[in-house]
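*Asks:* Have a look; sequence and predicted model below, questions after that.
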Amino acid sequence: MGFSARPVKRFTGSLILPGDKSISHRALIIASLAAGTSVIKNILHSDDTLTTTEALMAMGIDIKETSGEVTVSGKGLSGLKRPDNPLFMRDSGTSMRLLMGILAGQDFSTVLSAGNGLSNRPMKRVTEPLRLMGASFEGRDDANYAPITVHGGKLNPIDYVSRISSAQVKSAVLLAGLYADGKTSVTEPYKSRDHTERMLEAFGACVSVDGSKVSVEGGAFLRGQKIDVPGDISSAAFFIVGASLVKGSSLRLVSVGINPTRSGIIDILKQMGANIRIENIRDVASEPVGDIIVESARLRAVTVEDDLIPRTIDELPILMVAASFAEGTTVIKGAQELKVKETDRISSMAANLKNMGARFLINGDDIVIEGSGGLKGITAMSFGDHRTAMSMIIAGLAANGEMIVDDTDCIAKSYPDFLKHLELVTSCQD
């Protein structure tokens with residue numbers, strides 16, 4: 001299904017965003033490994049989180065939803081059972097990589113199959129450290145691509161130094177570390193999102209953090225918890241950029257997660273001159289939460305690099321849209337992780353924004369965008385990628401003329417209500 005977007009007068013009103021996708025995955029997984037019942041509020045309902053839910057249920061976990069709350073009846077670290085069939089991961093990289101971590105410590109073997117997109121995304125970054133811990137894997141290209149068979153077993157703790165900053169890699173190793181006898185550690189070049197370590201600690205695990213090194217003690221007794229999932233800052237980013245670009249906008253996004261390992265988009269946009277403030281800051285289930293108020297502003301170019309990249313990795317596509325409208329030349333350095341997402345997001349965004357009239361240069365793993373404003377609507381391609389699709393819709397709302405995005409069904413992967421919410425804050429125009 002395609003979508004037609006036309007320029008809007010303003011973004012206005014307030015919006016309650018869906019639950020954070022990263023936290024929703026982790027809440028389901030860790031609650032399943034805990035003893036007793038966990039109640040999860042505001043969990044994200046999307047294709048990706050459905051994948052995690054179905055996989056856990058196939059391994060014997062009882063997950064039910066009533067009155068907007070999800071109840072998980074956890075069975076402890078040793079409570080999972082061998083699924084009767086391969087676990088289908090659809091195109092959810094988070095599901096596959098995090099589940100590999102817990103499957104590595106089971107006393108059974110499991111096959112993980114995947115959709116076309118995920119089948120071409122690299123998994124050796126996870127199988128490599130898990131093999132060091134004692135698990136074994138079978139699959140294409142030495143278990144770099146799905147389908148992959150995970151042969152679980154007794155694990156040994158490791159002190160792993162990762163070549164990349166990836167919360168999925170870190171989380172897989174930490175979850176596997178729950179099944180090892182001793183302390184398992186992961187060190188990253190820069191600290192990635194820390195939802196896993198926060199949630200493990202909240203459930204009762206012994207977690208220690210020293211800069212970009214995180215450790216967990218094996219054999220923890222996890223207890224069921226109540227979790228209120230904050231609004232997803234990755235989803236909020238589309239509205240933050242839209243309201244920044246469209247003159248006369250004033251928008252409030254309610255109860256959004258502002259975890260510092262995820263809030264790079266806010267820091268970068270503020271450097272660009274965005275008019276953003278955060279109110280009602282508080283902690284909810286070990287996560288910082290606040291209301292984000294954004295008003296339109298004239299943006300200027302910046303350079304994005306180093307630790308800002310892992311803190312903004314999912315928001316870089318919509319940041320490229322902001323850069324295309326900003327004054328000056330924006331440089332995003334070391335964005336190679338975008339090449340191994342649902343699509344090569346550097347290439348997909350470059351193709352679309354160039355067609356709109358943006359000056360967009362790819363130099364190895366660096367992106368150079370000379371802001372021009374005055375972009376024109378086109379028929380854009382989503383390439384089957386949810387973040388590319390949503391980014392191009394926002395670009396169309398700030399551009400001249402009609403923007404048609406060819407395939408928006410992929411948005412259901414992370415934000416099924418995106419178009420409905422977009423209409424709520426842009427429909428009442430002069």
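*Replies:* Noted; the coordinates are in hand.
*Asks:* any low-confidence regions in the stretch 51-200 of the chain?
*Replies:* Residues of the stretch 51-200 of the chain meeting the criterion pLDDT under 70: none.
*Asks:* In a helix, Val8, correct?
*Replies:* No. According to DSSP: H, G, I helix; E, B strand; the rest coil, Val8 belongs to no helix; its state is coil.
*Asks:* nearest spatial neighbour of it, skipping sequence neighbours?
*Replies:* Thr426 (4.5 Å; CB to CB, 6 or more residues apart in numbering). Just so you know, the C-beta spots here come from the backbone N, C-alpha and C atoms, and that holds for glycine as well.
*Asks:* I'd say that neighbour and Gly396 touch.
*Replies:* No. Between Thr426 and Gly396 there is no contact under CB atoms under 8 Å: 11.4 Å.
*Asks:* These two: who's more crowded?
*Replies:* Gly396 (27 against 23; other CB atoms under 10 Å).
*Asks:* mind checking how far the residue lying closest to that one once chain neighbours are set aside is from Ile393?
*Replies:* Using CB to CB, 6+ apart and skipping residues adjacent in sequence, the residue nearest Gly396 is Met403, 2.5 Å away. Note on Met403: its distance to Ile393, by CB to CB, to the nearest Å, is 7 Å.
*Asks:* which neighbours do these two share?
*Replies:* Here Met403 and Ile393 have Ala5 as joint contacts, going by CB atoms under 8 Å, 6 or more residues apart in numbering.
*Asks:* Arg6 contacts Met403, doesn't it?
*Replies:* Yes. Using CB under 8 Å, Arg6 is in contact with Met403, at 7.4 Å.
*Asks:* what's the overlap in contacts for these two?
*Replies:* Gly377, Gly396, Leu397.
*Asks:* any idea of the mean pLDDT for the helix or strand hosting the second one?
*Replies:* Assessed by DSSP states H and E, Gly396 sits inside helix 386-398. Helix 386-398 shows an average pLDDT of 95 in the prediction.
*Asks:* Could you report the neighbour count for the residue nearest to Gly396?
*Replies:* When neighbours are counted by other CB under 10 Å, Met403 registers 26.
*Asks:* What of Met392?
*Replies:* Residues lying near Met392 (other CB under 10 Å) number 31.
*Asks:* Check Glu423 too.
*Replies:* Residues near Glu423, counting by other CB under 10 Å: 10.
*Asks:* so what does the particular helix or strand that has it in it touch, helix or strand wise?
*Replies:* According to DSSP H and E, Glu423 maps onto helix 418-426. Packing partners of helix 418-426 (3 or more CB pairs under 8 Å, 6 or more residues apart in numbering; DSSP states H and E): strand 12-16, helix 233-245, helix 386-398.
*Asks:* For Met320, find the nearest of the ones you listed.
*Replies:* Met320 lies closest to helix 386-398 among the helices and strands packed on helix 418-426, at 7.2 Å (CB to CB).
*Asks:* helix or strand right after the closest one?
*Replies:* Next along from helix 386-398, by DSSP H and E: strand 403-405.
*Asks:* what packs against that following strand?
*Replies:* Using 3+ CB pairs under 8 Å, 6+ apart: strand 403-405 touches strand 3-5, strand 379-380, helix 386-398.
*Asks:* Deepest in the core, which of these is it.
*Replies:* Of all those, helix 386-398 carries the top mean neighbour count, a mean of 27, counting by mean count of other CB atoms under 10 Å.
*Asks:* Centre of the chain to stretch 228-242, how far?
*Replies:* 11 Å (CA atoms, centre = their mean, to the nearest Å).
*Asks:* for stretch 251-258, same thing?
*Replies:* For stretch 251-258, the distance to the chain centre is 17 Å (CA atoms, centre = their mean).
*Asks:* List every C-alpha atom in that stretch, with coordinates, as CSV.
*Replies:* Output of stretch 251-258 as CSV, limited to C-alpha atoms (Å, rounded to 0.1, in the frame of the first residue of the first chain):
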residue,chain,number,x,y,z
LEU,A,251,3.7,19.7,19.7
ARG,A,252,3.9,17.8,23.0
LEU,A,253,4.9,14.2,23.0
VAL,A,254,3.8,12.6,26.3
SER,A,255,5.8,10.2,28.5
VAL,A,256,8.7,9.5,26.1
GLY,A,257,11.7,7.5,27.1
ILE,A,258,14.7,9.8,27.4
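*Asks:* so what's Asp48 closest to, chain neighbours aside?
*Replies:* The nearest residue in space to Asp48 (CB to CB, 6+ apart) is Ser92, at 4.1 Å.
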